[in-house]
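> Fold the following for me, if possible:
(2 chains)
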Amino acid sequence: MIVFQTFLVLVMIVAALAAARFGDLLDAVIACALVSLMASIIFYFLQAPDVAMAEASIGAGLTTAIFIFAINRSIRYEENEKTD
Amino acid sequence: MRRLISLLLLLIVALGIFLCFSGASFGAEGASRAGKLTEDKVNFGRRYASRGLEENKAGNIVASVVVNYRGFDTLGEVTVLFIAAVGLAAILHARREEATPSKAEPASLIVFTGCRFLFPLILLLGAYIFIHGHLTPGGGFQGGAVVASGFLLIYLGCRGRGLRSAGVAVAESLSGLAFLAVALVGLAVGGSFLLNFLPKGSAFALFSGGVIPLIYVAIGFKVGSELGGIIDNLSGEAR
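Predicted structure coming up:
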């Protein structure tokens, strides 16, 4: 179990770093959703199912959708990045 | 002159806050300074865990804390969400007036039918989560978010259909008022805001926990309509 949780935390850290590095904001939003999803699973294992449900539905679900709507209304790529 | 008045008002507020908090003792230092009595007041988490079930008869102790013991905080959270939704609607409203009808191509028949099939099931799941909030994990916020994700699915699958803004506003206002009304009835009946004044029944039954299920249903409607309204506002045609 400890191995599995360590794996989840590692995925979370990698996804968080990736979200900060990505120039394509859509990729960054999906990495953010991955952070929330991993956090939700970890909350479940820490015996906090209430928080896990909130994190999964709001953090991984609705926030991602709202960010994508916002990207749709603004720009998709960070400046100083090459666009295709 | 205005500066002087604002300074004076600020001083009055600061004095009020100081008077409120000067009597309170914080943390471990305060507990050791004032002895056992204060320790009971500071270290209340253990008290909720050990006596919450018999006091509120709510099977899910988290619901008991969120809605009853810390109900005032929950009212504040709902208010913060409301302010965020109002701000977003105010910003997007100006642009919406010149919005053209949707140019996006409609979803395929399979997606459309799937959305129509899944939408009531998602609403049912959300309602289950907040109606059973006092028995099982979850509650008003989680259930409301699930309901809002159902509306998100409708936006993605059935273009051109969405929430009717008037209905959303009515549901939002009524549920907020219901929360406040239940809290104020507690104040009128027993002298404290959010008092659990209804008969509590036996623990782990559907009708138990006094006002906790009522408040959770109100929060579920409020969060669902607010998040659904945010999605509805944002999903208008961009650019």
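
> ok, residues contacting the lowest-mean-pLDDT helix or strand in chain A?
None of the helices or strands of chain A scores lower by mean pLDDT, DSSP states H and E than helix A:63-73, at a mean of 89. Contacts of helix A:63-73 with the rest of the structure, by C-beta atoms under 8 Å, 6 or more residues apart in numbering or on different chains, involve A:25-26, A:29-30, A:32-33, A:36, B:149, B:152, B:230-231, B:234-235, B:238-239. In this view, the C-beta of every residue, glycine as well, is placed from N, C-alpha and C.

> close enough to count as contact, A:Y44 and A:A54?
No - counting by C-beta atoms under 8 Å, A:Y44 does not reach A:A54; the two are 11.5 Å apart.

> what's the distance between the least confident helix or strand of chain A and the middle of its chain?
Centre-to-centre, helix A:63-73 and its host chain are 13 Å apart (C-alpha atoms, centre = their mean, to the nearest Å).

> before we move on, what about stretch B:5-15?
Centroid displacement of stretch B:5-15 relative to its chain, using C-alpha atoms, centre = their mean, is 32 Å.

> and it, average pLDDT?
Here stretch B:5-15 scores 94 as its mean pLDDT.

> same deal with stretch B:142-154?
92.

> close to chain A, is that stretch?
Yes - using C-beta under 8 Å from any C-beta of the partner chain, stretch B:142-154 reaches chain A at B:Q142, B:A145, B:V146, B:A148, B:S149, B:L152.

> which outside residues touch that stretch?
Contacts for stretch B:142-154 (C-beta under 8 Å, 6+ apart): A:50, A:53-54, A:57-58, A:61-62, A:65, B:115, B:118-119, B:122-123, B:125-131, B:133, B:161-163, B:216, B:219-228, B:230-232.

> Just the buried ones among these, please.
A:50, A:53-54, A:57-58, A:61-62, A:65, B:115, B:119, B:122-123, B:126-127, B:129-131, B:133, B:162-163, B:216, B:219-228, B:230-232 (16 or more other C-beta atoms under 10 Å in any protein chain shown).

> mind listing what's buried in the least confident helix or strand of chain A?
So helix A:63-73, judged by 16+ other C-beta under 10 Å, has buried residues A:T63, A:T64, A:A65, A:I66, A:F67, A:I68, A:F69, A:I71.

> In chain A, where is pLDDT below threshold?
For chain A, the stretches with pLDDT under 70 are A:80-84.

> Can you pull up the residues of it that come close to chain B?
Contacts of chain A with chain B, taken as C-beta under 8 Å from any C-beta, map to A:49-50, A:52-54, A:57-58, A:61-62, A:65-66, A:69-70, A:72-73.
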